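Asker: task: produce atomic coordinates for the following.
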Amino acid sequence: MASFTSPDTKKEEFRRYLERSGVIDALTKVLVGLYEEPEKPMNALDFVKMTLGAPTGVDVEALKAENDQLRDKNDQMTQKIVELTKKIESLTGAPAADS
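Answerer: From the prediction side, this is the model:
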């Protein structure tokens, strides 16, 4: 017979996991900081993100696209170095020095 865990048991296990990993303490500190803030920020979620260290206003997709573009450029330049090294070797008759 299969063993079933009750929803309350799963919730309690999850709560203990959050407590062990320090999530509850971190969130409590952030929320207390927000509560004690004399001038409440217009966007509480941004305050929480900023306090926890998350970047705000970052376009992740644009960064991924730029990263892909730079990787392609790097691959092209690496290939060009290999080609030029071979050309130097063929012109001088000696192996080119590694950079």
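
Asker: in which helix or strand would I find N67?
Answerer: Per DSSP states H and E, N67 falls inside helix 60-92.

Asker: and the worst-scoring helix or strand of the chain on mean pLDDT, which residues are buried?
Answerer: Ranked by mean pLDDT, DSSP states H and E, the helix or strand of the chain with the weakest confidence is helix 44-52, at a mean of 88. For helix 44-52, burial by neighbour count (16 or more other C-beta atoms under 10 Å) applies to F47, V48, T51. Yep, even glycine has a C-beta here, placed from its N, CA and C like the rest.

Asker: not counting residues beside it along the chain, what's closest to the second one?
Answerer: Spelled out, it's V48. V30 (5.4 Å; C-beta to C-beta, 6 or more residues apart in numbering).

Asker: didn't the one you found look like it was pressed against T51?
Answerer: Yes. Using C-beta atoms under 8 Å, V30 makes contact with T51 at a distance of 4.8 Å.

Asker: now for those two: what residues contact both?
Answerer: Here V30 and T51 have no joint contacts, going by C-beta atoms under 8 Å, 6 or more residues apart in numbering.

Asker: show the low-confidence segments of the protein, by residue range.
Answerer: For the chain, the stretches flagged by pLDDT under 70 are 1-4, 56, 96-99.

Asker: tell me the one among the buried residues of helix 44-52 nearest to E61.
Answerer: Distance to E61 across the buried residues of helix 44-52 (C-beta to C-beta) is lowest for V48, with 22.9 Å.

Asker: ok, and what's touching the helix or strand containing E19?
Answerer: Take DSSP H and E as the rule and E19 turns out to sit in helix 7-20. Here helix 7-20 makes contact (C-beta under 8 Å, 6+ apart) with I24, D25.

Asker: again, only using 7 Å
Answerer: I24 (C-beta atoms under 7 Å, 6 or more residues apart in numbering).

Asker: ok and the helix or strand just after that helix relative to helix 44-52, angle-wise?
Answerer: Counting by DSSP H and E, the next helix or strand C-terminal to helix 7-20 is helix 23-36. With axes from the mean of the first three to the mean of the last three C-alpha atoms, to 10 degrees defining the directions, helix 23-36 sits at 120 degrees from helix 44-52.
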